[in-house]
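A.B. asks: Got a predicted structure here, sequence first:
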Amino acid sequence: MKKFNSQVSDADLRILRIFKTVVESGGFSAAEVELNISRAAISIAISDLETRLGFRLCQRGRSGFSLTNEGSQVYEHTLQLLSSIEDFRTHINALHQHLKGELNIGITDNLVTLPHTRITKALAGLKDKGPQVTVNIRMIPPNDVERGVLDGTLHIGIVPDLKILSGLDYSHLYQEESKLYCSDTHPLFTVDDKQLSKAKLKDFDAVLPAYAQTPEIKTQHQPLTASATATDREGIAFLILTGRYIGFLPDHVAERWIRDGRMRAILPTQCHYVTQFSSITRKGARSNLVLETFLEELEKTQ
C-alpha cells in the first residue's frame, strides 16, 4: 500500500480513529466493545496503518499492549488532527450562526449528585439553543481532563482546584464539603463521638484516594491508617460500605446512605475539608460558538 502523501482520505481518518480508540482503551480486546467491530478487523486496520506509515505502532501479544516511540508520536499527532477537523466543522457552522457541531466535555467523577446543578442546567440550555449539537461527556480523572483540554480533544473540563496550569483558564463553579464516614456494619458506627479522638482513628483501617490532593486535604488523611486506595469516590464508597474501612466522602455522595441509615460521619467538626471545583478551557483557543454558548449558559446558573 502507498504511504501517506499530502492528502488524507476518509479511509485514513477512519483508521486513525480506530488507532486512537485502541490506544485509549488499552488494547485490541477492550476496543472491540467501544468500536463495535471484531478484533480481527481492528488488527487489520492497525496493520494497514503501520504499512502506510512504514513503521510499527504498537507491541501486542502475551506481554500486553504497549505503544512504540513512533506509535506514541502518531497518537499525539492523531489527536491534533482530529481536533483540528472538529474545530473546522464548528467554525464553518458558526458562519451560519447555527449551533451545530460537538461539545466535548470532561468531568471528574461523581459530581452529578451535587445540590447545585449548574452543569446540568447549562447543558439543558445549550440543547434548547442548539438541538443539533452533539454533547460528548467523558468521566475521567482530573489529570486526564486537564490533558484533554490542553491538547484540544476536550473543549472544556470540570476539575477540582488541585493545581493551576499556566495553559488553562479557570472559572469557579462549586465547592463541596467532605467528611470522614463509616458504614452501619463498622465498629465505630455506634460509638459516640465524645469517646473518640483523631488519635484513636489510627486503630481502624482506612481507604485513601489514589488521586492528587491539596496539602490541606492530605493533612486530614495523615492521622489515618491507609490500608486501601481507590482511584475515585465510588471506589471509596464501595470499601466504606464493606464495614471494614473508614474514609472521606463528599457529603452529597454519602447523603443517600446517610438517609438510609447505612453511613454516618465520624468527628464531623474535626474530620472535614472543602474542595473547590472550576471549569477549565484552553488559553488562546480559537472562538467556538458551541463552547461560547455553553459558557454563557454556565454563567447564567450562578
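C.D. replies: Right, received. Where do you want to start? Numbers count the residues shown, from 1 in each chain.

A.B. asks: now the helix or strand of the chain at the bottom of the mean pLDDT ranking, how far from the centre of its chain.
C.D. replies: Among the helices and strands of the chain, helix 69-95 carries the lowest confidence by mean pLDDT, DSSP states H and E, at a mean of 83. With Cα atoms, centre = their mean, to the nearest Å as the basis, helix 69-95 stands 20 Å off its chain's centre.

A.B. asks: Pairing partners for the helix or strand following that helix, with directions?
C.D. replies: Counting by DSSP states H and E, the element after helix 69-95 in chain order, helix or strand, is strand 102-107. Partner strands and pairing direction for strand 102-107 (DSSP bridges) are strand 134-139 (parallel), strand 156-160 (parallel).

A.B. asks: other SSEs contacting the least confident helix or strand of the chain?
C.D. replies: helix 10-25, strand 102-107, helix 142-151, helix 289-300 (3 or more Cβ pairs under 8 Å, 6 or more residues apart in numbering; DSSP states H and E). C-beta here means a position set from N, CA and C on the backbone, and glycine is covered the same way.

A.B. asks: residues in contact with Phe204?
C.D. replies: Phe204 makes contact with 182, 186-188, 225, 245-246, according to Cβ atoms under 8 Å, 6 or more residues apart in numbering.

A.B. asks: Without its sequence neighbours, what residue ends up closest to Glu76?
C.D. replies: Taking Cβ to Cβ, 6 or more residues apart in numbering, and ignoring the residues beside it in sequence, Glu76 has Asp151 as its nearest neighbour in space, at 7.4 Å.

A.B. asks: correct me, but the one you found touches Tyr75?
C.D. replies: No. Using Cβ atoms under 8 Å as the test, Asp151 is too far from Tyr75 to be in contact (10.4 Å).

A.B. asks: Among these two, which residue is more densely surrounded?
C.D. replies: Using other Cβ atoms under 10 Å, the more surrounded residue of Asp151 and Tyr75 is Tyr75, with 18 against 13.

A.B. asks: Just give the nearest non-adjacent residue to that one, would you?
C.D. replies: Nearest non-adjacent residue to Tyr75, counting by Cβ to Cβ, 6+ apart: Val23, 5.1 Å away.

A.B. asks: quick one, what contacts the one you found?
C.D. replies: 58, 67, 71, 75.

A.B. asks: tell me the centre residue of the chain?
C.D. replies: Centroid-nearest residue in the chain, with Cα atoms, centre = their mean: Ile140, separated by 1.8 Å.

A.B. asks: what sits against the nearest residue to that one once chain neighbours are set aside?
C.D. replies: Excluding the flanking residues, the one nearest Ile140 by Cβ to Cβ, 6+ apart is Gly106, at 5.6 Å. When contacts are counted by Cβ under 8 Å, 6+ apart, Gly106 is found next to 137-140, 144-145, 148-149, 154, 156-158.
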